[in-house]
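**Student:** Prediction below, plus the sequence it came from.
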2 protein chains.
Amino acid sequence: MPKLWNETIEEHRRAVRDTVLDTTAVLVTERGLRSVTMSKIAEESGIGRATLYKYFPDVESIMTAWHEEQVAGHLRELAALRDGTGSAGERLRAVLEAFALIQQRRHGHGPELGALLHRGDHVAGADQHLHRFLSELLAEGVRAGDIRDDVSPDELATYSLHALAAAGVLPSKAAARRLVSVTLAGLRPTTAE
Amino acid sequence: MPKLWNETIEEHRRAVRDTVLDTTAVLVTERGLRSVTMSKIAEESGIGRATLYKYFPDVESIMTAWHEEQVAGHLRELAALRDGTGSAGERLRAVLEAFALIQQRRHGHGPELGALLHRGDHVAGADQHLHRFLSELLAEGVRAGDIRDDVSPDELATYSLHALAAAGVLPSKAAARRLVSVTLAGLRPTTAE
């Protein structure tokens, strides 16, 4: 039964990979990037150094892979909220609020890790994906009359993503929610100023 | 007349310093940070290498000094608009628009230079200064009834600075102005949502 055997191999590989990613993320968060070595990761993951090197060449590549999985998870979370129940306006608020809270958690990484992770090409890809995702949701809001139509959904998405990034420096979830309300107020249809 | 003599010395020093800063900024913009050397800066500034090293130890310190002067100039520009004529609301719009256009120009530095410059402690200081500056202006707007009072001026300043940073990725001045309108709409007093 070669298929089952392949599935088992695949599962095993995934389990090793997940363990390495999780262990590394914890180590880096606790000790800072510079003090985490491949040996330490192997030791804490409970796998051999030689095995570890079959999966990843260095600590940076592990952190990049970890970050890719984080970003993919965030996009799935936001997509689930977008596809949930409620009016376009309610779903937009839910997506923006979730995004703001993600920004707030992300900020816990610290600037050193942030600088490393945001150098990667995969981040530009994720940012584009998020931007397109939000543009489409805003275009839907325009059609429903919830969102202003005097500025393109594309520019409104750029505004929203930057404004909500402010959640990273806000001290509480309540403050992040107020930020979402302020950001949404900017997106509402306006009469002439 | 030692006073005049000192003034002349002081003026001369300032002139050398300004020349070095301007020359370096042009070289870095044209060629990228990595290909600019102290020798090249001395040559292009028309001063001796030994003299240059009396002013600055390396290229990074020149770029930091250049950036400090840029930031100080921006703060002076924004303060002049704040202290100009017009209602609190008009002056706030003028300040936000100027800030958005500064963000747009700054983006021309490119990511490499941005990362270098934004590592410095002086940037944290400038950011705090700008944040306080904007908080005060927003508090004035609250008193005038132009700005919402259900979120603190402090949090509104954080929102504004992040939202307007989006100008850095917008393609035109017209788009930057639309961004200012959207950002301002978020700051306006609201009836309950």
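**Tutor:** Ah, there it is.

**Student:** Domain map for chain A?
**Tutor:** A:1-57, A:59-193 (automatic domain parsing).

**Student:** centre of the chain versus the last one, how much separation?
**Tutor:** Average the C-alpha atoms of domain A:59-193, do the same for its chain, and the two points are 9 Å apart (C-alpha atoms, centre = their mean, to the nearest Å).

**Student:** ditto for the shortest one
**Tutor:** Centroid separation between domain A:1-57 and its chain, computed with C-alpha atoms, centre = their mean, is 21 Å.

**Student:** Can that domain be said to contact chain B?
**Tutor:** No: contact between domain A:1-57 and chain B, assessed by C-beta under 8 Å from any C-beta of the partner chain, is absent, since the two come no nearer than 15.4 Å. The way it works is simple: take the backbone N, C-alpha and C, and place the C-beta from them, glycine included.

**Student:** Could I get the average pLDDT for that domain?
**Tutor:** Model confidence over domain A:1-57 averages 88 on the pLDDT scale.

**Student:** what about the residue nearest the centre of chain A, helix or strand, and which?
**Tutor:** Compute the mean C-alpha point of chain A, and by C-alpha atoms, centre = their mean the closest residue is A:Val71, 3.3 Å away. Counting by DSSP states H and E, the element that carries A:Val71 is helix A:59-82.

**Student:** can you list contacts of that helix?
**Tutor:** Surrounding helix A:59-82, the residues in contact under the criterion C-beta atoms under 8 Å, 6 or more residues apart in numbering or on different chains are A:17, A:20-22, A:24-25, A:28, A:33, A:36-38, A:41, A:56, A:91, A:94-95, A:98-99, A:102, A:113, A:116-117, A:120, A:122-123, A:126, A:129-130, A:133, A:137.

**Student:** hmm, try it at 7 Å
**Tutor:** Applying C-beta atoms under 7 Å, 6 or more residues apart in numbering or on different chains, the external contacts of helix A:59-82 come out as A:20-21, A:24-25, A:28, A:36, A:38, A:41, A:56, A:91, A:94-95, A:98-99, A:102, A:116-117, A:120, A:122, A:126, A:129-130, A:133, A:137.

**Student:** In helices, which of those fall?
**Tutor:** Using DSSP state H, A:20-21, A:24-25, A:28, A:38, A:41, A:91, A:94-95, A:98-99, A:102, A:116-117, A:122, A:126, A:129-130, A:133, A:137 are the members of the contacts of helix A:59-82 that sit in helices.

**Student:** of those, buried ones?
**Tutor:** The neighbour-count criterion (16 or more other C-beta atoms under 10 Å in any protein chain shown) marks A:20-21, A:24-25, A:28, A:38, A:41, A:91, A:94-95, A:98-99, A:102, A:116-117, A:126, A:130, A:133, A:137 among the ones in helices among the contacts of helix A:59-82 as buried.
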